[in-house]
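Colleague: Quick one: sequence and predicted model below, then my questions.
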Amino acid sequence: MIDLEQNLAGALRRKIQEATARVAVIGLGYVGLPLAMGFARRGFTVEGLEDNAEKVRLLSEGFDYIDGHHDELKPLVAERLHAGRDFSVLETCDAIIICVPTPLTRNREPDISYVQDVSQRIGQHIRPGTLVVLESTTYPGTTEEVVRPALEAAGRVRQAGEDYFLAFSPERVDPGNPNYNTYNTIKVVGGLTPTCGDLTALLYSHMLDRPDLVKRATSTRAAEMEKLFENIFRSVNIALVNELAILCREMGLDVWEIIELASTKPYGFMPFHPGPGIGGHCIPLDPFYLTWKAREFDHQTRFIELAGEINTRMPYHVVSLAAEALGEKGLKGARVLVLGVAYKKDVADPRESPSLRVLEILRSRGALVDYHDPLIPSFRCHSGAEMHSVDLANLEDYDCVVLATDHSSYDLAEIAARSRRLVDTRGVTRGLEDRKGITRLGAPNQDEEAR
């Protein structure tokens with residue numbers, strides 16, 4: 001089998017180096033679409049597979065529904081980037097990259113059904129010599145224990161590292177980041193065997209801006225663990241600063257000032273900032289993947305779980321601040337406007353957004369709630385009801401405005417001037433202390449400051 005491995009690996013290596021390898025990307029969302037465009041930009045023919053028929057239609061028309069880069073996408077679609085739903089196209093592909101969701105179940109346990117299903121479907125069409133790379137965030141062991149047997153079940157390939165190649169390379173997408181993107185961020189790759197790792201590193205080196213942006217892990221499990229560590233690191237530190245924000249307010253201190261002061265230290269400190277909670281696909285979910293896997297080793301990840309508990313409570317703290325701002329009027333029957341339902345500023349993504357939880361809690365306590373978001377005109381609540389973004393022309397009519405996501409398009413001075421009461425969960429109204437009716441998360445209320 002060594003000769004077979006060398007022959008297959010050599011053939012694939014030549015195709016990658018010559019950009020004649022056909023690359024398939026399965027899942028054309030925030031991770032998959034930029035990746036597919038990246039390989040097409042470098043001259044590779046790319047087959048994009050997406051279960052959502054509407055996305056396939058939009059992509060086939062050259063519409064970039066992720067970043068709005070229509071002018072860049074249209075010539076790629078015309079020349080070498082194809083979108084579809086038929087997995088039989090994989091029989092012509094040399095490399096297959098999996099970018100499907102890995103959500104949690106209702107019991108907060110890993111749901112890898114998408115990965116398992118796609119891997120089985122790949123196995124029905126894979127040909128010897130193909131490289132398969134999983135990018136979806138998951139627990140250590142998934143590539144080897146779930147993807148590998150699913151790929152080999154149909155019998156078209158027999159042994160990873162011999163007649164086909166398998167690796168894990170965690171996605172590192174940060175929507176809205178003005179400095180780092182799919183092409184200039186270091187890519188970690190971990191192969192099931194050294195040859196698997198070599199081929200994966202070679203493939204990504206041709207998509208990235210520079211070949212040296214590839215960092216090798218010793219195994220698929222190390223690469224899987226690395227991805228979880230990245231996001232757990234953020235989750236834990238966000239929880240720490242959220243807890244300090246609550247304490248600082250009780251002590252009559254401004255946590256934003258404290259962070260600014262601590263940031264003057266040139267070593268040993270990294271600033272994190274408090275907020276209404278955590279959102280997006282990664283940070284709220286990834287810690288649960290590791291805590292679940294840790295039970296297999298009879299290990300309790302208490303520190304990680306405590307951080308998750310603190311972050312989960314932050315929307316309740318925000319609602320408490322709104323109730324405090326309303327005073328005797330209280331929440332019941334009060335008109336409340338939530339500004340921003342995206343999980344972070346300047347992105348059109350409400351996944352796991354703490355703003356949605358703030359909306360739900362406000363409603364449960366009797367408030368009459370609307371929202372405004374310049375990037376998300378409508379969304380469907382967990383209850384199934386659809387909400388639509390309202391106009392800001394009637395800002396003065398609301399008893400309380402909760403700034404949950406600080407989009408750059410918001411005129412903070414105008415919002416502060418026109419709001420009867422404003423709850424700032426992002427600390428962006430510092431400098432507007434002369435305005436009455438502003439409550440900032442992590443800062444003393446104005447009455448206490450006056451005393």
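Modeller: Cool, the structure landed. Bear in mind that the values here come from a model prediction, so they are computed numbers and not experimental data. Residues are numbered from 1 along each chain as shown.

Colleague: Tell me how many other residues crowd Asp434.
Modeller: 8 (other CB atoms under 10 Å). (C-beta placed from N, C-alpha, C; glycine too.)

Colleague: low-scoring stretches of this structure, by residue?
Modeller: 1-2, 4, 446-451 (pLDDT under 70).

Colleague: at 50 instead, please
Modeller: 448-451 (pLDDT under 50).

Colleague: Could you point out the longest helix of it?
Modeller: In the chain, with assignment by DSSP state H, the single longest helix is helix 220-250.

Colleague: give me phi/psi at the closest residue to His388 other than its chain neighbours?
Modeller: Nearest residue to His388, sequence neighbours excluded (CB to CB, 6 or more residues apart in numbering): Ser378, at 4.7 Å. Per-residue torsions, Ser378: phi -160, psi 160 (degrees, to the nearest 10).

Colleague: tell me the SS of the residue nearest in space to the middle of the chain?
Modeller: When CA atoms, centre = their mean is applied to the chain, the residue found nearest the centroid is His281 (4.0 Å). Here His281 is coil, with the state taken from DSSP: H, G, I helix; E, B strand; the rest coil.

Colleague: how close does it get to Glu171?
Modeller: Distance, His281 to Glu171, using CB to CB, to the nearest Å: 10 Å.

Colleague: Find residues that contact each of these two.
Modeller: Counting by CB atoms under 8 Å, 6 or more residues apart in numbering, the shared contacts of His281 and Glu171 are Thr137.

Colleague: residue boundaries of the helices in the stretch 351-451 of the chain?
Modeller: 354-364, 412-418, 446-450 (DSSP state H, counting those that start in this stretch).

Colleague: tell me what the longest one is packed against?
Modeller: It stands for helix 354-364. helix 302-326, strand 335-339, strand 368-372 (3 or more CB pairs under 8 Å, 6 or more residues apart in numbering; DSSP states H and E).

Colleague: The residue nearest to His388 - how many residues pack around it?
Modeller: 11.

Colleague: contacting residues around it?
Modeller: Neighbours of Ser378 in contact, by CB under 8 Å, 6+ apart: Glu386, Met387, His388, Ser389.

Colleague: Name the residues of stretch 301-312 that are buried.
Modeller: Thr301, Ile304, Ala307, Gly308, Ile310, Asn311 (16 or more other CB atoms under 10 Å).

Colleague: secondary structure class for Val23?
Modeller: Val23 ends up strand, using three-state DSSP.

Colleague: likewise Glu328?
Modeller: Glu328 ends up helix, using three-state DSSP.

Colleague: hmm, back to that, would you turn the helices of the stretch 351-451 of the chain into TSV with distance to Arg430?
Modeller: Compiled in TSV, the helices of the stretch 351-451 of the chain are given as follows (distance: least, CB to CB, whole Å):
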stretch	distance to Arg430
helix 354-364	21
helix 412-418	10
helix 446-450	13
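
Colleague: Deepest in the core, which of those helices is it.
Modeller: helix 354-364 (a mean of 21; mean count of other CB atoms under 10 Å).

Colleague: what's next to it, contact-wise?
Modeller: Under CB under 8 Å, 6+ apart, the answer for helix 354-364 is 275-279, 314-316, 318-319, 322, 331, 336, 338, 340-343, 350, 369, 371, 379, 381-382, 387, 402, 404-405.

Colleague: Among those residues, name the buried ones.
Modeller: Of these, these count as buried by 16+ other CB under 10 Å: 275-279, 314-315, 318-319, 322, 331, 336, 338, 340-343, 350, 369, 371, 379, 387, 402, 404-405.

Colleague: Tell me the span between the first and last residue of stretch 398-416.
Modeller: 13 Å (CA to CA, to the nearest Å).

Colleague: just stretch 58-74 next, same as before
Modeller: 11 Å.

Colleague: Quick one: neighbours of Cys196, just the number.
Modeller: 27.

Colleague: go on, Glu54?
Modeller: Glu54 has 9 nearby residues by other CB under 10 Å.

Colleague: Which secondary structure state does it sit in?
Modeller: helix.

Colleague: For Ala83, see how far away it is.
Modeller: 11 Å.

Colleague: who touches both of those two?
Modeller: Counting by CB under 8 Å, 6+ apart, nothing touches both Glu54 and Ala83.

Colleague: Please tell me I have it right and Thr137 contacts Arg172.
Modeller: No - the criterion here is CB atoms under 8 Å, and Thr137 misses it with Arg172 at 10.1 Å.

Colleague: These two: which has the busier surroundings?
Modeller: The neighbour comparison of Thr137 against Arg172 (other CB under 10 Å) goes to Thr137, with 23 against 17.

Colleague: OK, contacts around Ile246?
Modeller: His317, Gly442.

Colleague: Try it again at 10 Å.
Modeller: Residues in contact with Ile246 (CB atoms under 10 Å, 6 or more residues apart in numbering) are Val255, Pro274, Ile310, Arg313, Met314, His317, Ser320, Leu441, Gly442.

Colleague: If you rank these by neighbours, which is first?
Modeller: Gly442 (28 neighbours).

Colleague: roughly how far apart are it and Glu386?
Modeller: 33 Å.

Colleague: re earlier: please name whichever of the helices and strands packed on helix 354-364 is nearest to Lys293.
Modeller: helix 302-326 (11.5 Å; CB to CB).

Colleague: other SSEs contacting that closest one?
Modeller: helix 220-250, helix 286-294, strand 335-339, helix 354-364, strand 400-403, strand 422-424, strand 438-440 (3 or more CB pairs under 10 Å, 6 or more residues apart in numbering; DSSP states H and E).

Colleague: closest one to Ser113 among those?
Modeller: helix 286-294 (14.0 Å).

Colleague: just the angle between the closest one and helix 302-326, please?
Modeller: 150 degrees (axes from the mean of the first three to the mean of the last three CA atoms, to 10 degrees).

Colleague: Please point out which parts of helix 286-294 sit buried.
Modeller: Under 16+ other CB under 10 Å, the buried positions of helix 286-294 are Asp286, Pro287, Phe288, Tyr289, Leu290, Thr291, Trp292, Lys293, Ala294.
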